[in-house]
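Novice: fold the following.
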Amino acid sequence: MDKAILEAWDKHNHKLKDVFREHRQSEYGTYEKLLRHTLSTIFPGDEDGVNNLCLDCNGITRIDNGDYQGTIVFVVAENICQPGVDNHWYTSVGYGSCSGCDTLQNIQSLNIDDAPNEAQVENYWTLCLHMMQKLKRMEANDE
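Specialist: Purely as a prediction, here's the structure:
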C-alpha cells in the first residue's frame with residue numbers, strides 16, 4: 001500500500017464503520033458509491049497537515065467492460081488543477097451476477113434500505129480495505 005494511502009487509512013479507517021452504521025445500505029450499495037464513501041472518509045482534507053493527498057471523490061471514472069461478471073476499474077484524480085497522469089490513482093473490484101459470486105451482493109441484505117447489522121459493517125469495512133490495498137498511482141511513461 002502506498003505510504004500516503006496507508007497513513008490516511010491508519011488514521012481514518014475507524015470512521016468507516018460509523019458511516020456504515022449511520023446510513024442505509026442503499027447509500028453505499030454499489031461499488032462506486034462504496035468507494036466514494038471510503039475515499040471521502042479516508043481523505044477528509046488536510047485538516048491537520050498530516051495527509052497531503054486529496055482525491056476528487058466526486059470525479060471517479062468507472063471502467064467496466066464486463067457483462068454479468070467482470071472487473072470494474074475505478075480511476076480517481078487528485079483534487080488539483082489540471083492533474084497529470086501521475087496525479088491519477090486506480091483500483092479495481094471483481095464482480096459477479098449473484099450473491100454467491102459477488103462480494104458486495106453477498107454482504108447486502110435483501111432490503112438495502114435497512115441499516116446493516118454488525119457482521120455486515122465488518123464485511124463492508126473489509127471490502128473497503130481491499131479496495132484501498134489495490135489503490136495505486138498511475139505512472140507517466142515519458143519515453
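
Novice: and the residue nearest the centre of the chain, what does it touch?
Specialist: The centroid of the chain falls nearest to Leu35 when counting by C-alpha atoms, centre = their mean (2.4 Å). When the contact criterion is C-beta atoms under 8 Å, 6 or more residues apart in numbering, the partners of Leu35 are Ile60, Phe74, Val76, Thr91, Cys128, Met131. (Glycine included, C-beta is placed from N, CA and C.)

Novice: those in helices, which ones?
Specialist: Those of the contacts of Leu35 mapping onto helices are Cys128, Met131, per DSSP state H.

Novice: nearest to Cys54, of the contacts of Leu35?
Specialist: For those, the residue nearest Cys54 by C-beta to C-beta is Val76; the value is 10.7 Å.

Novice: that closest one reaches Ile60, doesn't it?
Specialist: Yes: judged on C-beta atoms under 8 Å, Val76 makes contact with Ile60 at a distance of 5.1 Å.

Novice: now for the two: what residues contact both?
Specialist: Residues touching both Val76 and Ile60 (C-beta under 8 Å, 6+ apart) are Leu35, Leu39.

Novice: between those two, which is the more surrounded one?
Specialist: Val76 (22 against 17; other C-beta atoms under 10 Å).

Novice: picking up where we left off before, okay, the contacts of Leu35 in a markdown table with pLDDT next?
Specialist: Converted to a markdown table, those look like this (pLDDT from 0 to 100):
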| residue | pLDDT |
| --- | --- |
| Ile60 | 95 |
| Phe74 | 97 |
| Val76 | 95 |
| Thr91 | 97 |
| Cys128 | 96 |
| Met131 | 96 |
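
Novice: now the contacts of Leu35 as TSV including distance to Met1?
Specialist: Compiled in TSV, the contacts of Leu35 are given as follows (distance: C-beta to C-beta, whole Å):
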residue	distance to Met1
Ile60	19
Phe74	16
Val76	16
Thr91	11
Cys128	13
Met131	11
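
Novice: what ranges do the helices span in the protein?
Specialist: Under DSSP H, the chain gives helices at 3-12, 14-22, 31-42, 103-107, 118-133.
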